[in-house]
Each structure stands twice: as structure tokens, then as C-alpha cells.
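1. Predicted model and sequence below, questions to follow.
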2 protein chains.
Amino acid sequence: MGSAIRDSPEERPPGRETSEKMPTIRDVAELAGVATSTVSRALSKPDRVNRHTRERIEEAASRLNYVPSSQARGLSSGRTNTVAVLVPDITNPFYFDIIRGTQHQLKAAGLTQLLVDTEESNEMELEALHKLRRSADGFVLAASRLTDAQLAEVSGSQPLVTINRASADAPSVVIDTPSAMIQALEHLVSLGHQRVCYVSGPPTSWSNSRRWKVFEEDSTQRGLEIHRIGPYIPKTTSGAAAADAAVRTGATACIAFNDLLAIGMLQRLRERGIRVPEDMSIIGCDDIFGADFCNPPLTTISSPIEQAGRVAVSMLLSQLNPFQGGTTRRLAVMPTHLTVRGSTGPAPGAQ
Amino acid sequence: MGSAIRDSPEERPPGRETSEKMPTIRDVAELAGVATSTVSRALSKPDRVNRHTRERIEEAASRLNYVPSSQARGLSSGRTNTVAVLVPDITNPFYFDIIRGTQHQLKAAGLTQLLVDTEESNEMELEALHKLRRSADGFVLAASRLTDAQLAEVSGSQPLVTINRASADAPSVVIDTPSAMIQALEHLVSLGHQRVCYVSGPPTSWSNSRRWKVFEEDSTQRGLEIHRIGPYIPKTTSGAAAADAAVRTGATACIAFNDLLAIGMLQRLRERGIRVPEDMSIIGCDDIFGADFCNPPLTTISSPIEQAGRVAVSMLLSQLNPFQGGTTRRLAVMPTHLTVRGSTGPAPGAQ
DNA sequence: ACGCTTGCGGCAAGCGGTTGCCAAAAGTTG
DNA sequence: CAACTTTTGGCAACCGCTTGCCGCAAGCGT
């Protein structure tokens, strides 16, 4: 852009009929007979301009079908009106719900969402954070794979909130799996299970370690025999290997890192003729799409995932506009509970 | 921004320690001892600048941790390097796969994806198209709910490609359900079914009418007794009503608009003690996440959904850069096939 | 050695808005 | 009616980057 030629203002290059030039703020100003600055103000700070003038401007704008360029706006104002949401795996239904939540809340605030799939990779996450620095006003990191140090550093330089990843350095919304994990173990124990197994997910996942920790502590306290297998990639396809390993441990019940893994196990066990829940009970985590209609329906730890996404955005917003009331919470804890379905039952041989 | 004060260049407003000013192209130019234009060129058209100079610039850039502002870049170049993808329902697994496909291909091309959920609404779709005109170089409309006229108009003013919505006015990638629909009916007939029912989806969905049309024609030709129920919102929750209605028609087999509906029906039928496939066969459409592990596993029409997303982006790209070889196809047809699982079986009473 | 093509880098004018400052207009007050 | 305050709208300087046009200098052919 930016030709220095200004000789014949009416001259138009031939061709290019595709779309007549888009109207700019200048066009609106001209049509309304005011300066561009007035148009700008009329549109973004309505009180700063006389009502009559404003109406004239608004009419001109709509007559021209004018839409301000968010690019230009961002350039001069410094804000992009965009929030980037980073998820480790866009195909995982768990994140779908988060995405839905963030999308909803962002739209309500008039911001646009930039969705990024980091493919479970620390590097990609870091890179995205870096490259999008200029393009987003803030970030929502769902299940960040960053190290504590990285997180601290990033958080120091740009507004961000994490989901399912507590940190002293960044505001977070965490899903309170521990309490439901205890409910899950309670449930298993009451069904007579003595040998339980935790099927673990990604080693870099904060929730994974958190779930394991609670599992271990609580099971130990209850005097259960505990096993741990994994780590597995949290997809249904890893479920087969997990199922086989689980069977070998001799456990009668498994709690899987997430539903995807649990569902994969269900499929494999069925394939091998191992009955669920008669021979083995399975509990998942998250209550994602599909957990209610798999076979058998999955007993799982339900969490208000979508709400978590919404809360995350709210927290981010209050960080971006420190005024507007709204205490800037550093931590939001979302409650969870055990949803009992068909994949858990009495331990084999229990009376 | 844009204070007119330039008196004391070193003066800095107090506070604002959050993040030191981001480096601009100017800083890089200074550090490398060249003009900003040279930096700009070194970074975007590497051949236009001497190798030695380029290296010096690159080093300076990385030393400063420089990331060009896509906003400013877009403002002057006219391109946003962003493509908006509009889907009717972000929570529908079908679109997940599309999103994944587009995201993948866009990233490969160095573009960013703007995801928009239009909530099955014609108005929202139109509005998004309008508001994002300036923010995106092009659009991918998945299962557009626009009318033909609207689509024609929009398509005339901005680059766009549709998925599952053929149109003379816009390039499209359509999933060839018809051929698989015939496979499905063939499958049912060979199992002895005589009375079949189509469970329809959104009336504004092009694929819905398309599927119904083929269903009707082919069934008639085969001399089957046909029924049609609906329309239903394509979610599992509508499946219950659909199942009840289907049972009342007396049909022994149903083909549902999509898997969501089919899965919902499966659940309801099970609840009512109607066995699938013994008492009734169910066929879905799309082969989404979950179709393989529901109970019973769903016989469905599989489509290369993710690939459709990828192809759509490719077509859009060749529209955006008319050069770069690559015939600008106006239509891509994705093949489909019937995947037989457990939800279909011999017609009740058939020998 | 000279005119010419080429390669490389700089100049500066924008892109389309926003916003600090200011002055004219309008409203208040004594 | 003059002096003073408040509105309201315009001016113009950017925001950070791209790009058309130029000019300088090195490479070339004869």
C-alpha cells in the first residue's frame, strides 16, 4: 500500500471489480460532514459527542455499511480485542466444552477468540504464547503443559489465566477433582474393591499428578492395594494397552486419568471378554460427551467444564480492566462429584 | 495513543512495569544499523535483500525477541493472514473434525484461524460474515444456514468456500452422502427391511434435504414403504422424541440425519426396551466421535470430515492467491461409505 | 575506460483508526 | 453584559509496518 501518487484522485486502477473499496472512517466523516475524530468518538465513546451529531454519524455509518477495521483500531489503541485460548488437543471433547465456555463468555464481552491447538507440546505452547503476544490481549491456557518456571515468566509479561493448572504466579481456575476422587474411592470400597489401579495420563499434566496424589493418599489411608500404570496418551486408542496392563495388575477396579482412556479400556475389555463391571470396574474422569452412552455407561467424575471456561474468561477480563469492580480473584475452584453409571459394580467375589 | 509531546524522548511514565515496551521494527532496524524498510523486506521477502544484511537483521531481531505486529502488518498490506471458520454448533463433534482439519491446513499455510459458532442461526452467520469482513481474508462456511441469495451475495464480495453446501456461486466441498445413502438402503434391503424411516434434521440444512431426497428416490425405486419424521434439532437430546416417533411409524429401520440423533435414539430405544437391532435397525450419518463405542456400536455413513476441512482451506487458499499454480476448483466431492457396526440387523420376522 | 543493467537499501507516504490538546460555541453566573 | 466554565468538534501526530520509487554502487560487455 501507500503509493505516493496523489495526482488524479478520481483515477481508479482498471479491473478489481471484485469488491468496491470498503468504506473507511473518512468516508463516514465526509458523508456526515464532520471530522474523522468525531466519528471515531461517536462510535466508541458516545457520551463524548453531542447526541444530534452522533445520530447523524450513526446514520451515515449504517448507510455506508461501515465496519471499523479492528486492525487499525488495535494498532492505535494498543488493544486487540482478542483473547487466545490454548488447548493441548482440539479433538479432545473435554476441551470442546472449555472452548464452548470461553467462546460464550468472550462473545458476551465483545471479544473474539483465537483458538490454538498446542498438540500437547510444551514447545508449541511456548511458541504460540510468543507469537501471539502482539495479537491477543490475554491468554487462557487450558491444561498448560508449561513448567512452573515458564509459566511464571510468561505470566509476568502478559495477562493470562490457566485452567486446571494452579500456580502461584497466575490466576487459575482448577477443577476440584480431589474431593470427587475421594467419592470415587469411597464408592469402590463400598462395593468391596480392595485392589485398585490408577491409569495415568500425560506426565506433564498437572491434573494428572494431582489426581494420582489424591488417589495414592486416600487409597493408602483406606488400606487398599494400589497399582499405577501408564503414562498413556489420553486418547481412546491408548485404552487398549491400558486395559491389558490393568488386567495384569490384578486390580478389580481402575480409575483412569480421563474418560477417553476409560472408554478405550471399556472397548478393549469387551473385546477380550472381560466383563465390566462384573469382572472389573472402571471409573473415568471429566464426564465428557460420550461418557453417558458408551457401553456400559461410564461411572465418572463430573465437572462443570464449560463453566470453568466461562469463569476463566471472567477472571481474565477483570485482569484486563482492573476497574469495573469485580474482585480480581486469583483462584477459582470448581466443584465436582461422582456420577455413578454402569461401569462400576461389586468387586468380583465380594459378598 | 499518539501524544504530540516529543520533548524528552527518554521520559517514561511512572508505573507500568508490567512489561517493557515491545520491540518494534524500528528497534531492530536501529540495532542492525539499517532502515526499517530493509528490516521489513528482510523478514518478508528474503530474496529482496542481501544475504549478509539479512543475517545481521535476523540476529538483531532474535536478540530483541522481535515479533512483527500482525495488526500493523495487516493494516498496511491489506491482508490479515486470518481465515474465519463458521460452524453452526461448536459442540457438535462433526464440526470438531472439520475444525481440526481447517486448523491443521491453515497453520501449515501460516494463517490463523478465527473460530465462530453461529449457533445454527442464519442471522448470526450473516452478522459474523459482516463484522469479520475486515478481520479475515476469507471464510470457510461449514454447513451454512444461509439462503441461496444470501450466499450468492456474500460470496460476491469476499472469498469464501462452503462445506456441505453446494452452490453455483461459491466453491464448495461437499460430502457425497448420496452414494453411501444408497449403500445404506441396499444394506437394509438385503437384511429384509421393507419399511424404512428417515429422521430429518434442520430444515435449513442443505445436507438434510439432500439426504432426504436421495433416501426418498432410492427407497421408492426399491419399492419400500417410506416414512419421514422430524425435523429435529441434531442433538442427542432430540433422539428420544425421534425414537418414539419412529416406533409409531411402524418402520423396522431408520436412517437418521446424523449420528447425534441416531445415538440419542439408541438410548431412548434401550430405555423403552426396544432392542436394536433385533426390533429396529438404526443407521447414522457422519461417523463422529462416539459412533464406534455407543451401544450398540452405530452403523453409519462415514465421511472424511477432517479431510473436508483441509480441502476447503486449500480451495480457499488457491482463491486467495490465484497464482501459485493449483487449479481453482469450484467443487470437491468427498467420497463416503457405509460402515456397518452393530446397530443394524435382519428385519424382525424376515426369514 | 564508458555507458548500462542489476542488486541493494533508503526515503517517505500511506493503511485506518485513536487521542491529547486546543479553540470556538454554548451555557452559567453575578 | 462581561468573565468564567463546560461542551463539542477539529487538528494533527502518531501506532508499526509495507511498498512504490529512487539513487548509489558494483558487475558487465565491448
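-> Thanks, I have it.
2. So which residues on the stretch 101-250 of chain A come close to chain B?
-> Contact residues, the stretch 101-250 of chain A versus chain B (Cβ under 8 Å from any Cβ of the partner chain): A:103, A:112-115, A:117, A:130-131, A:133-135, A:156-158, A:236. All C-beta spots, glycine's among them, are computed from the backbone N, C-alpha and C.
3. show me where chain A has strands.
-> A:82-87, A:112-117, A:138-142, A:160-163, A:172-175, A:195-199, A:225-229, A:253-256, A:281-286, A:299-302, A:331-334, A:337-339 (DSSP state E).
4. Export those as a markdown table, with columns for mean pLDDT.
-> Shown next, in a markdown table, are these (pLDDT from 0 to 100):
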| stretch | mean pLDDT |
| --- | --- |
| strand A:82-87 | 95 |
| strand A:112-117 | 91 |
| strand A:138-142 | 96 |
| strand A:160-163 | 96 |
| strand A:172-175 | 95 |
| strand A:195-199 | 98 |
| strand A:225-229 | 97 |
| strand A:253-256 | 98 |
| strand A:281-286 | 97 |
| strand A:299-302 | 97 |
| strand A:331-334 | 95 |
| strand A:337-339 | 97 |
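5. Ok, which of these comes nearest B:Arg211?
-> strand A:112-117 (29.5 Å; Cβ to Cβ).
6. Show me what the closest one packs onto, helices and strands only.
-> Applying 3 or more Cβ pairs under 8 Å, 6 or more residues apart in numbering or on different chains; DSSP states H and E, one finds that strand A:112-117 contacts strand A:82-87, helix A:93-108, helix B:93-108, strand B:112-117.
7. try 10 Å this time
-> Counting contacts by 3 or more Cβ pairs under 10 Å, 6 or more residues apart in numbering or on different chains; DSSP states H and E, strand A:112-117 is packed against strand A:82-87, helix A:93-108, helix A:122-131, strand A:138-142, strand B:82-87, helix B:93-108, strand B:112-117.
8. and of the ones you listed, who's closest to DNA strand D?
-> Nearest of the helices and strands packed on strand A:112-117 to DNA strand D, taken as Cβ to the nearest atom of the strand: helix A:122-131 at 12.2 Å.
9. what about that closest one and DNA strand D, any contact?
-> No. Helix A:122-131 does not reach DNA strand D (Cβ under 7 Å from any atom of the strand); its nearest approach is 12.2 Å.
10. Buried residues in that helix, which are they?
-> For helix A:122-131, burial by neighbour count (16 or more other Cβ atoms under 10 Å in any protein chain shown) applies to A:124-126, A:128-129, A:131.
11. Please apply the same query to stretch A:153-162.
-> Within stretch A:153-162, the residues that count as buried by 16+ other Cβ under 10 Å are A:154-155, A:158-162.
12. Quick one: distance of that stretch to the chain centre.
-> Put simply, stretch A:153-162 sits 16 Å off its chain's centre (Cα atoms, centre = their mean, to the nearest Å).
13. so how far does that stretch reach from one end to the other?
-> End-to-end distance of stretch A:153-162: 14 Å, with Cα to Cα, to the nearest Å as the criterion.
14. Next, give phi and psi for the residue of the stretch 151-300 of chain A found nearest chain B.
-> Residue of the stretch 151-300 of chain A nearest chain B, by Cβ to the nearest Cβ: A:Asn295 (3.5 Å). With angles defined as degrees, to the nearest 10, A:Asn295 sits at phi -130, psi 110.
15. list the contacts for the closest residue in space to it that isn't next to it in sequence?
-> Of all residues not flanking A:Asn295 in the chain, B:Asn295 sits nearest, at 3.5 Å (Cβ to Cβ, 6 or more residues apart in numbering or on different chains). B:Asn295 is in contact with A:293-297, A:342, B:263, B:266-267, B:270, B:276, B:342-343, counting by Cβ atoms under 10 Å, 6 or more residues apart in numbering or on different chains.
16. who in the stretch 51-200 of chain A is up against DNA strand D?
-> Residues of the stretch 51-200 of chain A lying near DNA strand D by Cβ under 7 Å from any atom of the strand: A:52-54, A:72, A:75-76.
17. Now the two most distant members of those residues.
-> Pairwise over those, using Cβ to Cβ, the maximum falls at A:His52 and A:Leu75, 30.5 Å.
18. Let's have the strands of chain A in JSON lines, adding distance to B:Phe96.
-> Below are the strands of chain A laid out as JSON lines (distance: least, Cβ to Cβ, whole Å):
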{"stretch": "strand A:82-87", "distance to B:Phe96": "12"}
{"stretch": "strand A:112-117", "distance to B:Phe96": "11"}
{"stretch": "strand A:138-142", "distance to B:Phe96": "15"}
{"stretch": "strand A:160-163", "distance to B:Phe96": "19"}
{"stretch": "strand A:172-175", "distance to B:Phe96": "21"}
{"stretch": "strand A:195-199", "distance to B:Phe96": "24"}
{"stretch": "strand A:225-229", "distance to B:Phe96": "28"}
{"stretch": "strand A:253-256", "distance to B:Phe96": "21"}
{"stretch": "strand A:281-286", "distance to B:Phe96": "16"}
{"stretch": "strand A:299-302", "distance to B:Phe96": "20"}
{"stretch": "strand A:331-334", "distance to B:Phe96": "23"}
{"stretch": "strand A:337-339", "distance to B:Phe96": "23"}
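19. any low-confidence regions in the stretch 251-351 of chain A?
-> A:323-327, A:350-351 (pLDDT under 70).
20. Pop out the phi and psi values for whatever residue of it ends up closest to DNA strand C.
-> Nearest residue of the stretch 251-351 of chain A to DNA strand C (Cβ to the nearest atom of the strand) works out as A:Asn321 at 13.1 Å. The phi and psi values for A:Asn321, taken as degrees, to the nearest 10, are phi -120, psi 90.
21. distance of it from B:Glu119?
-> According to Cβ to Cβ, to the nearest Å, A:Asn321 and B:Glu119 sit 27 Å apart.
22. of these two, who's got more company?
-> Taking neighbours as other Cβ atoms under 10 Å in any protein chain shown, A:Asn321 and B:Glu119 compare with B:Glu119 leading, 15 against 11.
23. From what I see, the more buried one and B:Ile90 are in contact.
-> Yes. With contact defined as Cβ atoms under 10 Å, B:Glu119 reaches B:Ile90; the gap is 8.6 Å.
24. what sits in contact with each of these two?
-> A:His104.
25. Could you list the low-confidence segments of the stretch 101-250 of chain A?
-> Along the stretch 101-250 of chain A, no part satisfies pLDDT under 70.
26. Indicate the residue of it located nearest to DNA strand C.
-> Closest residue of the stretch 101-250 of chain A to DNA strand C, Cβ to the nearest atom of the strand: A:Gly110 (12.7 Å).
27. With chain B as the reference, measure out to that residue.
-> Applying Cβ to the nearest Cβ, to the nearest Å, the value for A:Gly110 to chain B is 10 Å.
28. Tell me which residues touch the nearest residue to A:Glu216 once chain neighbours are set aside, please.
-> Nearest residue to A:Glu216, sequence neighbours excluded (Cβ to Cβ, 6+ apart): A:Ile226, at 6.4 Å. A:Ile226 makes contacts with A:195-198, A:212, A:215-216, A:218-220, A:249, A:251, as judged by Cβ under 10 Å, 6+ apart.
29. which of these has the most neighbours?
-> Greatest neighbour count in the contacts of A:Ile226, by other Cβ under 10 Å, goes to A:Cys197: 28 neighbours.
30. May I ask you to confirm that it is in contact with A:Thr252?
-> Yes. Using Cβ under 10 Å, A:Cys197 is in contact with A:Thr252, at 8.8 Å.
31. if I look at the two, which residues touch both of them?
-> With Cβ under 10 Å, 6+ apart, A:Cys197 and A:Thr252 have common neighbours A:225, A:246, A:280.
32. State the pair within the buried residues of helix A:122-131 that is farthest apart.
-> Taking Cβ to Cβ, no two of the buried residues of helix A:122-131 sit farther apart than A:Glu125 and A:Lys131, at 11.1 Å.
33. thinking again about what came up before, A:His52 and A:Leu75: which is more packed in?
-> A:Leu75 (18 against 8).
34. Kind regards, and thank you for your time.
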